[in-house]
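Peer 1: from the sequence below, what's the structure:
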Amino acid sequence: MSTKSEPIPFVDQVDTSYLESLLGYNARRAALAVIEVFIERMAPYDLRPVDFSVLSLILHNPGITSRQLCASLGILPPNLVGLVNSLEKRELIARKPHPRDGRAMGLHLSAAGQKLMQAAERTAAELEAQAASRLTAIEQRTLLRLLKKVYE
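Peer 2: Below is the predicted model of the structure:
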């Protein structure tokens, strides 16, 4: 038995090399950097990221069904129901009968929803430009293409 105590380790400089070699770690760090600012910038519109995504899809796809929204965003139907109800209560969207499927309802933005989303999408575009400002246009396109390759 040794009477000498072992030296207590300490860190002068943190080694993050292993974490930085992981796709998920880097994707999450990049997402957090953008999402934190996104949440802040969407606060005046009272929009969370999921609200923004749903309203953007409705804006660009008038008449989209809840099923199509779920498939496009990877949202479970029970989670979308409350969200759609909330957006309808805020008078941002309206449900209208689907012209070809009598069981389905198409989702449409109201005039207020269109106005809100035009402003919110302008704000999102400004944020994206700022977030990607250290990348060239080619790097931005490459990054988007590679990220989509991971989840599509």
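
Peer 1: quick one: residue 63 and residue 106 touch, right?
Peer 2: Yes: here residue 63 reaches residue 106: they are 3.5 Å apart, a contact under C-beta atoms under 8 Å. Placement of C-beta: from N, CA and C, glycine included.

Peer 1: neighbour count winner among the two?
Peer 2: In this view residue 63 and residue 106 are compared by other C-beta atoms under 10 Å, and residue 106 has more residues nearby, 20 against 16.

Peer 1: can I assume that one sits in a helix?
Peer 2: No: using DSSP: H, G, I helix; E, B strand; the rest coil, the assignment for residue 106 is strand, not a helix.

Peer 1: quickly list what it is bridged to.
Peer 2: Beta-bridge partners of residue 106, counted by DSSP bridges, are residue 65, residue 96.

Peer 1: would residue 13 count as being in a helix?
Peer 2: No: with three-state DSSP as the criterion, residue 13 is located in coil rather than a helix.

Peer 1: how many residues are close by it?
Peer 2: 5.

Peer 1: how near is the residue nearest the centre of the chain to residue 127?
Peer 2: Nearest to the centroid of the C-alpha atoms of the chain, with distances taken as C-alpha atoms, centre = their mean, sits residue 49, at 4.9 Å. Taking C-beta to C-beta, to the nearest Å as the measure, residue 49 falls 12 Å from residue 127.

Peer 1: what residues are shared contacts of those two?
Peer 2: Listed contacts common to residue 49 and residue 127 are residue 38; contacts here mean C-beta atoms under 8 Å, 6 or more residues apart in numbering.

Peer 1: in stretch 83-98, which residues are buried?
Peer 2: 83, 84, 87, 92, 93 (16 or more other C-beta atoms under 10 Å).

Peer 1: against residue 104, how distant is the first one?
Peer 2: Spatial separation of residue 83 from residue 104 under the definition C-beta to C-beta is 17 Å.
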